[in-house]
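quick one, fold the following:
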Amino acid sequence: MSLVRLVAAAGKLLEGKPLTLICIVVWCCMFWLGLWPFHSPTNDVAWLPAANGLRFGDNGTIASPGELQPGARDSGCSIELWLQPARRDSSNTLLAFYTPGQPVRFALRQSEEDLVLQVRRGGTFYIGPVFRSTRPLFLTVVSGAHGTAVYVNGISVSTLPRLRVAPGDCGSRLVMGTSPVGDDSWSGVLSGVAVYLSELTPLQAASHYQTWTATGRPELAGAEACIGLYLFTERRGQRVHNQIAHGEDLLIPARYTIAEKTLLMPFWDEFAISKSYGKSVIKNVVGLVPLGFVLYAWLGARMAPRRAAWIVTLLGAATSITIEILQAYLPTRQSGTSDILTNTLGTWLGLMLYRFLDRHGLIFRTNQ
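Residues are numbered from 1 along each chain as shown. As a prediction, the model looks like this:
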């Protein structure tokens, strides 16, 4: 059957008695797709069977129950990570520091092959290519009075003189594997994490890579002010122990959770230059086209075209707003304003598609 005949058959069905039922079914499908799954999934984090480390799946996270260093007023901040990304094309959060009321103070993200640094009131910075392959790598991020430097396997790859992590940010609560404000789950393996309230020197960054490679842990000095050292040697249980005395452990929750879920995140905070963000925009536009199409077919036969178009567009926006508000209570869904804009656009495109087909005689009306 040709495409024209298929469209004509669909148009004939839409003009018939089942139209109201079709609208209801499409509407229900929108809510189903927007809210599924309706529960918090099992936390997809597992110990490696034959090595030190945790494997993070599609929905995995670990976090500290409290601040690493309450009231910290450090002059610098350094983070070391032994990691192995599962994919080069993912764009997700590796690690973030947060406090209630200030959900993201400092975060490290993988954006395909780039490393992204997000700093509270400091902006977003892309450094790459860091993740050229899915092989293990030792990542060091150092920030202090001299700006911020990034090292890969002990070798400097970037220096940002104007970027500095604010005092105390690295002493706040730590979450790994996702964002504290929304579902941004990273997939891969973490084999070691260290957090310092000091600005490591290039010599220290290289030395730590060598000693950690040789002995399985960095050779620490008191001046480095290490407040978190996680070697992932437990191989079992729901706790990653901090090797620093009286330091905060990391907990592995049974269910995937988001610490500070944001309601209707502003679109300018959601925006990212990545393939995954572009795919999400396209998906959210196309996903509401069927709703705009069938709603206009239903309302267009009952009122003036312009009025029907306005009502259909507003109904699409109202549907999207309702879904986004409900998504704030689901850890695997992101509640944001970007989807409202793209869903509304999709609804409008759907009604415009119906009007285009009707204008060219591809919507066949019946006397029913």
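
okay, CA-based contacts and neighbour counts for the rest of this
Will do.

let's verify the residue positioned nearest the centre of the chain: helix, strand, or coil?
Nearest to the mean C-alpha position of the chain, counting by Cα atoms, centre = their mean, stands Asp184 at 2.2 Å. Of the three states, Asp184 takes coil according to DSSP: H, G, I helix; E, B strand; the rest coil.

roughly how far apart are it and Thr332?
8 Å (Cα to Cα, to the nearest Å).

with Ser338 instead?
Distance from Ser338 to Thr332, by Cα to Cα: 17 Å.

wait, a strand at Ser78?
Yes - under three-state DSSP, Ser78 sits within a strand.

for it, which non-adjacent residue is closest in space?
Excluding its sequence neighbours, the residue lying closest to Ser78 (Cα to Cα, 6 or more residues apart in numbering) is Val142, at 4.3 Å.

neighbouring strands of the helix or strand harbouring the one you found in the sheet, and parallel or not?
Using DSSP states H and E, Val142 maps to strand 137-144. Take DSSP bridges as the rule and strand 137-144 pairs in its sheet with strand 77-85 (antiparallel), strand 147-152 (antiparallel).

state the mean pLDDT of it.
The average pLDDT for strand 137-144 rounds to 95.

for stretch 226-244, same thing?
96.

how many residues are close by Ala50?
7 (other Cα atoms under 10 Å).

which residues does stretch 211-230 contact?
Stretch 211-230 is contacted from outside by 68-69, 171, 192-200, 207-209, 231, 240-244, 247-248, using Cα atoms under 8 Å, 6 or more residues apart in numbering.

restricted to buried residues, select these in PyMOL.
To isolate the buried ones among those in PyMOL, judged by 16 or more other Cα atoms under 10 Å, type:
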select buried, resi 68+69+171+192+193+194+195+196+197+198+199+200+207+208+209+231+240+241+242+243+247+248
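
from the contacts of stretch 211-230, which land in strands?
192-196, 240 (DSSP state E).

CSV for those residues, including distance to Cys28?
Shown next, in CSV, are those (distance: Cα to Cα, whole Å):
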residue, distance to Cys28
Gly192, 45
Val193, 45
Ala194, 47
Val195, 47
Tyr196, 50
Val240, 42
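
closest one of those to Asn59?
Closest approach between those and Asn59, by Cα to Cα: Val240, at 18.1 Å.

what's the closest non-adjacent residue to the closest one?
Distances taken as Cα to Cα, 6+ apart place Leu250 nearest to Val240, at 4.9 Å, with adjacent residues excluded.

pretty sure the one you found sits against Gly66.
No - Leu250 is beyond contact range of Gly66, at 9.3 Å (criterion: Cα atoms under 8 Å).

look at these two and report which has more neighbours.
Per other Cα under 10 Å, whichever of Leu250 and Gly66 has more neighbours is Leu250, with 22 against 16.

from what I see, the residue nearest to Ser78 and Thr148 are in contact.
Yes - using Cα under 8 Å, Val142 is in contact with Thr148, at 5.5 Å.

ok, the two, which is more surrounded?
The neighbour count for Val142 versus Thr148, taken as other Cα under 10 Å, is higher for Val142 (26 against 22).

next one: the more buried one from Val45, what distance?
Going from Val142 to Val45 by Cα to Cα gives 28 Å.

circling back: shared neighbours, Leu250 and Gly66?
Counting by Cα under 8 Å, 6+ apart, Leu250 and Gly66 have no common neighbour.

thinking again about what came up before, ramachandran coordinates for the residue nearest to the centre of the chain?
Per-residue torsions, Asp184: phi -150, psi 50 (degrees, to the nearest 10).

show the pLDDT at it.
92.

report the separation between it and Leu163.
In this view, Asp184 and Leu163 are 24 Å apart by Cα to Cα.

try Cys23
For Cys23, the distance to Leu163 (Cα to Cα) stands at 52 Å.

buried ones in stretch 98-116?
Neighbour-count burial for stretch 98-116 flags 98-99, 103-116 (criterion: 16+ other Cα under 10 Å).

on that earlier part again, show me how far the strand holding Val142 is from its chain's centre.
In terms of Cα atoms, centre = their mean, to the nearest Å, the centre of strand 137-144 is found 22 Å from the chain centre.

export it as CSV, just CAs?
Only the C-alpha atoms of strand 137-144 are listed here, as CSV (Å, rounded to 0.1, in the frame of the first residue of the first chain):
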residue,chain,number,x,y,z
LEU,A,137,42.5,5.8,33.2
PHE,A,138,43.7,7.8,36.2
LEU,A,139,42.1,11.2,36.3
THR,A,140,43.3,14.0,38.6
VAL,A,141,41.6,17.4,38.9
VAL,A,142,43.4,20.1,41.0
SER,A,143,42.0,23.5,41.9
GLY,A,144,43.4,26.3,44.0
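
after the helix or strand harbouring Ile325 comes which helix or strand?
Per DSSP H and E: Ile325 is located in helix 305-327. With elements assigned by DSSP H and E, the helix or strand that comes after helix 305-327 is helix 337-359.

for that next one, give me every contacting residue.
So helix 337-359 is in contact with 264-267, 270, 281, 284-297, 309, 312-314, 316-317, 320-321, 324, 363-364, going by Cα under 8 Å, 6+ apart.

list the ones among those that fall in helices.
Mapping these onto helices (DSSP state H) picks out 267, 270, 281, 284-287, 289-297, 309, 312-314, 316-317, 320-321, 324.

filter the residues you listed down to just the buried residues.
Buried among these (16+ other Cα under 10 Å): 281, 284-287, 289-297, 309, 312-313, 316-317, 320-321, 324.

just the strands paired with strand 137-144: most buried one?
Greatest average neighbour count among the strands paired with strand 137-144 goes to strand 77-85 (a mean of 23), per mean count of other Cα atoms under 10 Å.
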